[in-house]
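> coordinates only, no sequence provided:
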């Protein structure tokens, strides 16, 4: 891909929008267990985040259908400022009685995994310093190694859980299920302009600005499945945050040039990947 087709280095992912069957249950979970705060609440939706930084929007859809093996969200990933805060959150999770679904040392980061009450995956993680990230053959080196949970728990020390995630937490990345890995890679690299950072069996990872990944895609459960449809619970969209209107126009031009349609929602451009996962193109404010 030509250098001038790459997305701005400052681009990042913004809010994830989920359609949910039980708004009260899901809102309570993301507050009490994950540690997000309510930013705005209406009868049919709740916006949650850290301080004023929106991470998640829950939209009630009681009639929605829950189907696991389709394109959609594999997990949303919340980045904590450091390992000490990750350890404090881990201790809080154990004390709350909830269990992890997994944990991993990815070399570039340390990650804890769980699911919300409707089965949406969640990753809570902390990055290692960029100076410690390694590269092989032009790709960033990542792995899924065993994470020493006892050592992590011990590192919480006397760090107290304040009931909410620390202010500098953010949405670090999203990991999506797609039905065709090659088509997904082409879209996120050549249309959105993300850089292909590394591959894993059945998965690809892409980013802006040299990060290990802002978007992951996989076909582990969804290869060859139908495209995502609006009546399904789960991912409605995620936001790609860009520095200015010029960056948004470049993506729209690349999308239309590659045969992808652009729609709008609340005057915000919306683009769908080949599997039907929706991305809103927004200015990072």
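Alright, I've got the coordinates. The structure displayed is predicted, hence computed values, not measured ones. Numbers count the residues shown, from 1 in each chain.

> identify the spatial nearest neighbour of the residue nearest the centre of the chain, chain neighbours not counted.
For the chain, residue 174 is the residue whose C-alpha lies nearest the centre (Cα atoms, centre = their mean; 1.9 Å). Spatial nearest neighbour of residue 174, chain neighbours left out: residue 238 (5.0 Å); criterion: Cβ to Cβ, 6 or more residues apart in numbering. Where you see a C-beta, it was placed from the backbone N, CA and C, and this is true even at glycine.

> for the one you found, give the beta-bridge partners.
Beta-bridge partners for residue 238, by DSSP bridges, are residue 16, residue 279.

> for it, report the pLDDT, please.
On pLDDT, residue 238 comes in at 98.

> list the contacts of it.
Listed by Cβ atoms under 8 Å, 6 or more residues apart in numbering, the contact set of residue 238 reads 13, 14, 15, 16, 17, 76, 174, 277, 278, 279, 280.

> circling back: from residue 48, how far out is the residue nearest to the centre of the chain?
Distance, residue 174 to residue 48, by Cβ to Cβ, to the nearest Å: 16 Å.

> could you do residue 118 as well?
15 Å.

> between the two, which is the more surrounded one?
Using other Cβ atoms under 10 Å as the criterion, residue 118 and residue 48 rank with residue 48 on top: 22 against 18.

> just checking, that one touches residue 35?
No: using Cβ atoms under 8 Å, residue 48 makes no contact with residue 35, being 9.8 Å away.

> all helices of the stretch 101-250 of the chain, in order?
Taking DSSP state H, counting those that start in this stretch as the test, the helices found in the stretch 101-250 of the chain are 149-154, 181-186, 245-257.

> tell me which of these is the most buried.
Of those, the one with the most neighbours on average (mean count of other Cβ atoms under 10 Å) is helix 181-186, at a mean of 17.

> which strands and helices lie in contact with that one?
Helix 181-186 sits against strand 203-207, strand 215-218, with contacts defined as 3 or more Cβ pairs under 8 Å, 6 or more residues apart in numbering; DSSP states H and E.

> out of these, which is closest to residue 137?
strand 203-207 (14.7 Å; Cβ to Cβ).

> one step back: using TSV, lay out the helices of the stretch 101-250 of the chain together with distance to residue 27.
Shown next, in TSV, are the helices of the stretch 101-250 of the chain (distance: least, Cβ to Cβ, whole Å):
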stretch	distance to residue 27
helix 149-154	28
helix 181-186	31
helix 245-257	31
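
> to residue 64, which of these lies closest?
Evaluated with Cβ to Cβ, the helices of the stretch 101-250 of the chain place helix 181-186 nearest to residue 64, the distance being 23.8 Å.

> quick one: contacts for the residue nearest to the centre of the chain?
Here residue 174 is in contact with 13, 16, 73, 75, 76, 77, 214, 215, 216, 238 (criterion: Cβ under 8 Å, 6+ apart).

> of the residues you listed, which pair is most distant in space?
Spanning the widest gap among those are 73 and 214, at 14.5 Å by Cβ to Cβ.

> the two: which is more packed in?
More crowded of residue 73 and residue 214, by other Cβ under 10 Å: residue 214, with 26 against 22.

> could you dump the contacts of residue 238 to TSV with pLDDT?
Compiled in TSV, those are given as follows (pLDDT from 0 to 100):
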residue	pLDDT
13	98
14	94
15	96
16	98
17	98
76	98
174	98
277	98
278	98
279	98
280	98
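
> tell me where the model's unsure across the chain.
For the chain, applying pLDDT under 70 flags the ranges 1-4, 159.

> distance of residue 44 from residue 83?
Taking Cβ to Cβ, one finds residue 44 at 38 Å from residue 83.

> which one of these two is surrounded by more residues?
Legend: neighbour count by other Cβ under 10 Å for residue 44 and residue 83, higher for residue 83 (18 against 11).

> surely the more buried one touches residue 155?
Yes: applying Cβ under 8 Å as the test, residue 83 and residue 155 come out as touching, 6.2 Å apart.

> TSV please, covering the helices and strands packed on helix 181-186 and showing mean neighbour count.
Shown next, in TSV, are the helices and strands packed on helix 181-186 (neighbours: other Cβ atoms under 10 Å):
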stretch	mean neighbour count
strand 203-207	23
strand 215-218	24
